[in-house]
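Trainee: Need coordinates for the following:
(one chain, ligands or ions: 1)
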Amino acid sequence: MQDTLEVEGLTVRFGGLVAVNDVSFKIGANEIVGLIGPNGAGKTTIFNSICGVTQTAAGLINLGSESLVGKTNAQIASLGVSRTFQNVRLFAELSVRDNIIMGAYRTHKCGFVSSALRSPQHAKIEKESGEVADHWIDRLGLRNFADRSAASLPLGIQRVVEVARAMAGAPKLVLLDEPAAGLNAIEKERLAAIVKQIAVEKCAVLVVEHDMTMVMPLVDRLIVINFGFKIADGAVADVSRSAVVQEAYLGV
Ligand SMILES: Nc1ncnc2c1ncn2[C@@H]1O[C@H](COP(=O)(O)OP(=O)(O)OP(=O)(O)O)[C@@H](O)[C@H]1O
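Mentor: I've put the predicted structure just below:
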């Protein structure tokens, strides 16, 4: 079976600095993979390359049969890559439901004129997007918050809303950028359970996270980056036993 994401020989340069050096990995559907490494290792740069935010110097990034290299962030999103942010980026004044509807809209191509004139096509999209939002509200336990503004909610709930918004776009790949940042232990546990649920949706998940207490039980596999190089890729137990990883990452 074809992998959802295939990264081959990815290299990214910032002037003279090689931030990502010939990195290759694959992620299959339903797989949750952690991307870890010390500060400045190159994790965010890999993330941003997949999203089309950072220009690559060399290598392939394929989502199924589609090449993502050279595509814009918006094109990549419409091909099926969703993400959440370390600093939650919701529409603060909009309700939880409307935030999630925004995620569902992304899958539709309805022009400005059609929207402005409230054409039958636009009405249909609006109805479908509402149904998708309600599905994710119920699925991720957000019903009690659906009509509240995003800004009025605790960070732990806002992160769940971001995941729901990402899922409403029916992605093939979800990128989670430090989802545990700022959460307490209970919120982390709840979010980890939710991430496990979304992987069941034939969705591949790539998580950048420093918090090992959240990552270890969550992921199927760990990829470790150090100074731009991939130094390990395997099951959590194997990677955490690796001498190279312990030396580089844990400073042992
Ligand atoms: N826009 C940029 N211009 C120049 N250098 C950059 C840029 N973005 C990142 N870098 C450098 O590239 C290297 C990799 O950075 P990156 O942010 O990808 O690491 P990281 O593993 O995500 O680190 P952290 O865990 O601290 O977020 C670092 O040396 C960083 O200083």
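
Trainee: secondary structure element for residue 246?
Mentor: Using DSSP states H and E, residue 246 sits in helix 243-248.

Trainee: So that helix, near the ligand or not?
Mentor: No - figure legend: helix 243-248 not in contact with the ligand (Cβ under 6 Å from any ligand atom); closest approach 12.1 Å. Heads up, the C-betas are built off the backbone N, CA and C, glycines and all.

Trainee: what about the longest helix in this structure?
Mentor: Taking DSSP state H as the criterion, the chain has its longest helix at helix 120-139.

Trainee: after that helix, next one along is what?
Mentor: Downstream of helix 120-139, the next assigned helix or strand under DSSP H and E is helix 155-168.

Trainee: Output the contacting helices and strands for the helix or strand that that following helix is followed by.
Mentor: Downstream of helix 155-168, the next assigned helix or strand under DSSP H and E is strand 173-177. Applying 3 or more Cβ pairs under 8 Å, 6 or more residues apart in numbering; DSSP states H and E, one finds that strand 173-177 contacts helix 43-51, strand 81-84, helix 155-168, strand 204-208.

Trainee: How about residues contacting the next helix or strand after the first one?
Mentor: Okay, so that is helix 43-51. Reading on from helix 43-51 to the C-terminus, the next helix or strand found by DSSP H and E is strand 58-63. Residues outside strand 58-63 that contact it (Cβ atoms under 8 Å, 6 or more residues apart in numbering): 4-11, 22-24, 49-50, 67-69, 76, 79-81, 172-173.

Trainee: Select from those every entry located in strands.
Mentor: Counting by DSSP state E, the part of those found in strands is 5-11, 22-24, 67, 81, 173.

Trainee: Buried members of these into PyMOL, please.
Mentor: To isolate the buried ones among these in PyMOL, judged by 16 or more other Cβ atoms under 10 Å, type:
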select buried, resi 5+6+7+10+11+23+81+173
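
Trainee: now stretch 76-84: how far from the chain's centre is it?
Mentor: In this view, stretch 76-84 has its centroid 8 Å away from the chain centroid, taken as Cα atoms, centre = their mean, to the nearest Å.

Trainee: How about stretch 184-199?
Mentor: 14 Å.
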